[in-house]
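A.B. asks: below are the sequence and a predicted model for it; my questions follow.
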Amino acid sequence: MIISTNFFTQPTLTVARALLGQRLVREVDNLRLSGLIVETEAYIGPTDSANHASKGRTPRTEVMFGPPGRAYVYLIYGMYHMLNIVTEPAGFPAAVLIRAIEPVEGIAAMQANRLTAHSPANLTNGPGKLCQALGLDTSLNNFDVTQGRQLWLEATDTLPDDVVAAGPRVGIGYAAPQDQAAPWRFRIRDNKFGSR
DNA sequence: TCATTGATGCGCT
DNA sequence: GCGCATCAATGAT
């Protein structure tokens, strides 16, 4: 079943935790690429200094202030794209970053998108990698991921708590100490498709 | 550990 | 408008 807007309207930490184990689907040229989400991070509101939107509304962060269930896709380091899903009611800037998936469908096509990946385990085990594997770029920024076309999420079983691990987020050295320390990164314990 | 890479947003004219 | 520092990372070294 396609995950709906109501799901993404929930508190960001709830969404980040609940997305683990759900299926991310990309459809391009009638070909279906998909994987199970194994790692996420939450970016929550104006007081989270790690959040791009904490410095206010700009053209780039406008999407995060918009309705939930939209994709926030941006370019980092001039070469890699990051996929986030906007959460919480419009007006409150928050999103969940999809950091890693376990590839399931369309693995050959993912390989073709990522010629530098020399093993299947390296296809989607990082936020930049999964965007490359799935062919995601800024043309999908602000795209509604609840419509079941091009890019969407499908519900699977909810994971039990004992396989979920929480820890501090990655790559946010510019943020305030308490925000760097916040355990807002979620991953499936012992999953070999997580990022490093 | 280091180079890569270009959009973004800031501070200034 | 223009220049500059900065960056939710990756792959090769």
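C.D. replies: Nice, I can see it. Residues are numbered from 1 along each chain as shown, chains lettered A, B, ... in the order given.
A.B. asks: how about the closest residue to A:T9 other than its chain neighbours, what does it touch?
C.D. replies: Spatial nearest neighbour of A:T9, chain neighbours left out: A:P68 (4.9 Å); criterion: C-beta to C-beta, 6 or more residues apart in numbering. All C-beta atoms are positioned from the backbone trio N, CA, C, and that covers glycine. For A:P68, the contact set (C-beta atoms under 8 Å, 6 or more residues apart in numbering) comprises A:5, A:8-9, A:85-90.
A.B. asks: name the residues linked to the one residue sitting closest to the centre of chain A by a beta bridge.
C.D. replies: The residue lying closest to the centre of chain A (C-alpha atoms, centre = their mean) is A:I98, at 1.9 Å. Using DSSP bridges, the bridge partners assigned to A:I98 are A:T40.
A.B. asks: again with the one 4 residues further on
C.D. replies: Counting by DSSP bridges, A:E102 forms beta bridges with A:L36.
A.B. asks: and the pLDDT for it?
C.D. replies: On the pLDDT scale, A:E102 is placed at 98.
A.B. asks: looks like the residue nearest to the centre of chain A contacts A:Q22 (just checking).
C.D. replies: No. Look at A:I98 against A:Q22 with C-beta atoms under 8 Å: they stay out of range, at 10.1 Å.
A.B. asks: which residues are in contact with each of the two?
C.D. replies: Taking C-beta under 8 Å, 6+ apart as the criterion, A:I98 and A:Q22 both touch A:I37.
A.B. asks: enumerate the residues of chain A near DNA strand C.
C.D. replies: Within chain A, the positions near DNA strand C by C-beta under 7 Å from any atom of the strand are A:41, A:43, A:50-52, A:64, A:72, A:76-80, A:82, A:84, A:95, A:97, A:114, A:116-118, A:122, A:126-129, A:170-174, A:195-196.
A.B. asks: all the strands of chain A, residue numbers only.
C.D. replies: Secondary structure of chain A by DSSP state E: the strands cover A:23-28, A:31-44, A:71-76, A:80-86, A:94-105, A:151-154, A:164-167, A:185-188.
A.B. asks: between the ones you listed, which one is nearest to A:L13?
C.D. replies: Across the strands of chain A, A:L13 has its closest neighbour in strand A:31-44 (5.3 Å, C-beta to C-beta).
A.B. asks: so for the closest one, mean pLDDT?
C.D. replies: The pLDDT scores in strand A:31-44 average 98.
A.B. asks: which strands or helices does that strand pack on?
C.D. replies: helix A:12-18, strand A:23-28, strand A:94-105, helix A:107-113, helix A:127-134, strand A:185-188 (3 or more C-beta pairs under 8 Å, 6 or more residues apart in numbering; DSSP states H and E).
A.B. asks: can we see that at 6 Å?
C.D. replies: Applying 3 or more C-beta pairs under 6 Å, 6 or more residues apart in numbering; DSSP states H and E, one finds that strand A:31-44 makes contact with helix A:12-18, strand A:23-28, strand A:94-105, strand A:185-188.
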